[in-house]
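A.B. asks: sequence-free structure coming up:
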């Protein structure tokens with residue numbers, strides 16, 4: 001309380017003249033576990049600067065602070081690539097201060113002009129540590145002793161905060177409204193994502209509120225925040241998802257957007273931010289609902305996120321648990337659109353993993369139609385229908401449904417991935433490349449990007465662009481070593497590039513682990529023209545008959 005300072009145990013005051021250094025220590029000393037992420041510190045203290053400048057400024061401030069502390073043999077600052085923290089053994093935090101400052105504001109006199117992130121934090125802390133809240137005698141407190149509202153008191157929803165902007169620029173407010181409207185409108189298209197009503201988020205009551213105040217006003221657990229950092233022909237915009245009540249930054253990114261909202265690049269960047277916000281929210285909520293065999297869950301939200309958690313595990317056992325939860329949920333809520341969508345989604349994955357034949361996958365059509373009827377505006381319905389049409393080689397219908405899914409939700413990366421795959425499988429690999437690349441652009445946080453990466457490698461291979469196909473296939477093996485298509489394409493590309501020894505080694509690696517799966521994959525791949533299946537088979541079996549190849553792998 002009062003002007004902050006740093007003292008030695010002897011009472012000598014350390015000569016720290018930088019306001020940001022003092023403020024940085026204050027943010028660390030009042031944080032849970034006395035640590036903050038580098039991303040959070042960069043946003044709070046240098047949010048008005050470009051990302052690289054903010055990173056450099058943080059490094060410089062920490063270096064200067066260490067030099068001052070080193071003169072007194074103090075080991076206080078700990079850092080790694082992600083976090084900055086204080087050594088718990090080296091300090092005490094006195095929140096009250098000496099009597100002359102009793103009743104003063106928290107961190108009085110610290111003002112960082114133009115850094116709205118810091119002002120948000122300071123307002124929040126001052127509301128938490130109001131003057132007079134502490135006894136007149138000085139006492140040391142750890143952040144854990146400060147009462148805080150619990151996560152469970154907040155609804156699992158996202159509120160979209162008003163977009164921040166540099167006040168000195170005459171057109172900044174107009175652009176901020178456009179960015180905010182595009183963000184709110186795009187998030188509303190993710191039908192599974194619980195976004196607070198757009199009318200509320202644009203209400204005047206949310207203007208000039210901090211992220212925590214937005215959360216408190218609407219009672220939500222998450223706030224989607226955007227901030228225009230620089231104006232010009234291109235806008236520098238920071239996007240972030242904050243989890244309350246601790247204002248934990250779950251995702252953040254700074255991007256360059258054209259100033260024209262009608263520009264396709266502007267739309268693409270907004271769609272990318274929306275995809276990342278949705279993916280981050282999904283990850284957080286799956287974490288809040290840990291694995292359980294319980295299927296009698298009254299709370300619809302809890303059941304929903306537990307199903308999503310199991311589907312995301314991508315194992316046979318987890319799929320079975322998800323199916324039990326969905327069936328029990330539909331018994332109780334038969335018209336619930338989210339359960340119908342999840343049922344169709346799960347069934348598609350189960351059939352894809354088994355490489356089910358067309359007669360079996362026909363059973364999926366009623367499930368998908370039921371989901372589409374439940375919510376015609378949900379992009380997942382036409383996506384699922386397009387996937388099923390692709391498997392059945394009904395490519396005109398598949399392409400129509402997949403384009404519809406892309407229009408309904410321009411941030412849905414799987415829709416663009418399957419649109420590209422459908423183009424390639426129909427015999428038009430050139431048209432496949434743009435939507436596949438766009439899918440990867442939209443989903444930088446997606447850990448299971450094997451499908452668009454594999455489809456892109458396939459399109460390059462079909463176009464005889466073997467170097468590019470090989471690069472994609474080998475990169476894919478680093479993250480998904482069990483994906484048979486990556487190994488098959490690596491072998492076929494090396495053979496086509498007249499590198500038979502390397503091709504044989506690549507094939508042997510594939511066969512050693514899964515000697516028969518490549519045959520199953522080749523039989524299942526739904527090319528409209530089976531000549532492509534045969535060409536890929538010849539690329540894999542370029543020098544030996546199948547029996548000999550299997551013998552190399554120890555096959556039966």
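C.D. replies: Yes, it's here. In this text the structure is predicted, and so the values were computed from the model without any measurement.
A.B. asks: residues of the helix or strand where residue 325 lies that come out buried?
C.D. replies: Residue 325 is part of helix 316-332, with elements assigned from DSSP states H and E. In terms of neighbour count (16 or more other C-beta atoms under 10 Å), helix 316-332 has its buried residues at 319, 321-323, 325-326, 328-330. (C-beta placed from N, C-alpha, C; glycine too.)
A.B. asks: what's the answer for stretch 52-70, then?
C.D. replies: Buried residues in stretch 52-70, defined by neighbour count with 16+ other C-beta under 10 Å: 54-55, 57-58, 61-62, 65, 68-69.
A.B. asks: Narrow the residues you listed to those in helices?
C.D. replies: Those of those mapping onto helices are 54-55, 57-58, 61-62, 65, 68-69, per DSSP state H.
A.B. asks: Tabulate those (JSON lines), appending distance to residue 119 and pLDDT.
C.D. replies: Output for these, formatted as JSON lines (distance: C-beta to C-beta, whole Å; pLDDT from 0 to 100):
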{"residue": "54", "distance to residue 119": "16", "pLDDT": "84"}
{"residue": "55", "distance to residue 119": "21", "pLDDT": "85"}
{"residue": "57", "distance to residue 119": "17", "pLDDT": "89"}
{"residue": "58", "distance to residue 119": "18", "pLDDT": "90"}
{"residue": "61", "distance to residue 119": "18", "pLDDT": "89"}
{"residue": "62", "distance to residue 119": "22", "pLDDT": "89"}
{"residue": "65", "distance to residue 119": "22", "pLDDT": "88"}
{"residue": "68", "distance to residue 119": "26", "pLDDT": "86"}
{"residue": "69", "distance to residue 119": "27", "pLDDT": "85"}
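A.B. asks: Let me know the closest of those to residue 334.
C.D. replies: Residue 334 has its nearest neighbour among those in residue 54, at 51.2 Å by C-beta to C-beta.
A.B. asks: Not counting its own residues, what contacts stretch 408-416?
C.D. replies: Residues from elsewhere that reach stretch 408-416 (C-beta atoms under 8 Å, 6 or more residues apart in numbering): 186, 189-190, 267, 271-272, 274-275, 278, 377-380, 382-383, 386, 402, 405-406, 435-436, 438-440, 442-443, 446, 451-452.
A.B. asks: helix or strand for residue 229, which one?
C.D. replies: Using DSSP H and E, residue 229 falls in strand 220-230.
A.B. asks: I'd like the next helix or strand past that strand.
C.D. replies: strand 234-243.
A.B. asks: and the helix or strand following that following strand, which strands flank it?
C.D. replies: Following strand 234-243 in sequence order, the next helix or strand is strand 248-258 (DSSP H and E). Sheet pairing of strand 248-258 (DSSP bridges) gives strand 234-243 (antiparallel).
A.B. asks: Go through the strand it pairs with and flag the buried ones.
C.D. replies: 235-243.
A.B. asks: I'd like to check the angle between that strand and strand 220-230, please.
C.D. replies: Interaxial angle, strand 234-243 versus strand 220-230 (axes from the mean of the first three to the mean of the last three C-alpha atoms, to 10 degrees): 160 degrees.
A.B. asks: What segments of the stretch 451-556 of the chain are helices?
C.D. replies: With DSSP state H, counting those that start in this stretch, the ranges of helices along the stretch 451-556 of the chain come out as 466-479, 484-496, 500-513, 517-524, 531-540, 546-552.
A.B. asks: Compute the mean per-residue pLDDT across the second one, please.
C.D. replies: This means helix 484-496. The average pLDDT within helix 484-496 is 95.
A.B. asks: Likewise for the last one?
C.D. replies: Helix 546-552 shows an average pLDDT of 42 in the prediction.
A.B. asks: so residue 517 touches residue 485, yeah?
C.D. replies: No. Residue 517 is beyond contact range of residue 485, at 9.8 Å (criterion: C-beta atoms under 8 Å).
A.B. asks: so where's this structure shaky on pLDDT?
C.D. replies: Within the chain, the ranges that satisfy pLDDT under 70 run 32, 95-103, 127-152, 197-216, 288-299, 513-516, 544-556.
A.B. asks: Out of the contacts of stretch 408-416, which end up buried?
C.D. replies: Those of those that meet the buried threshold are 186, 189-190, 267, 271-272, 274-275, 278, 378-380, 382-383, 386, 402, 405-406, 435-436, 438-440, 442-443, 446, 451-452, by 16+ other C-beta under 10 Å.
A.B. asks: that older thread, make a markdown table from the buried residues of stretch 52-70 and add distance to residue 224 to it.
C.D. replies: Converted to a markdown table, the buried residues of stretch 52-70 look like this (distance: C-beta to C-beta, whole Å):
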| residue | distance to residue 224 |
| --- | --- |
| 54 | 20 |
| 55 | 23 |
| 57 | 25 |
| 58 | 24 |
| 61 | 28 |
| 62 | 29 |
| 65 | 33 |
| 68 | 38 |
| 69 | 38 |
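A.B. asks: just the residues you listed now: which is nearest residue 350?
C.D. replies: residue 55 (44.0 Å).
A.B. asks: The top helix by length along the chain relative to strand 248-258, how many degrees between them?
C.D. replies: Criterion DSSP H: the longest helix present in the chain is helix 264-288. Using the same axes, to 10 degrees, the direction of helix 264-288 lies 170 degrees away from that of strand 248-258.
A.B. asks: Good, wrapping up.
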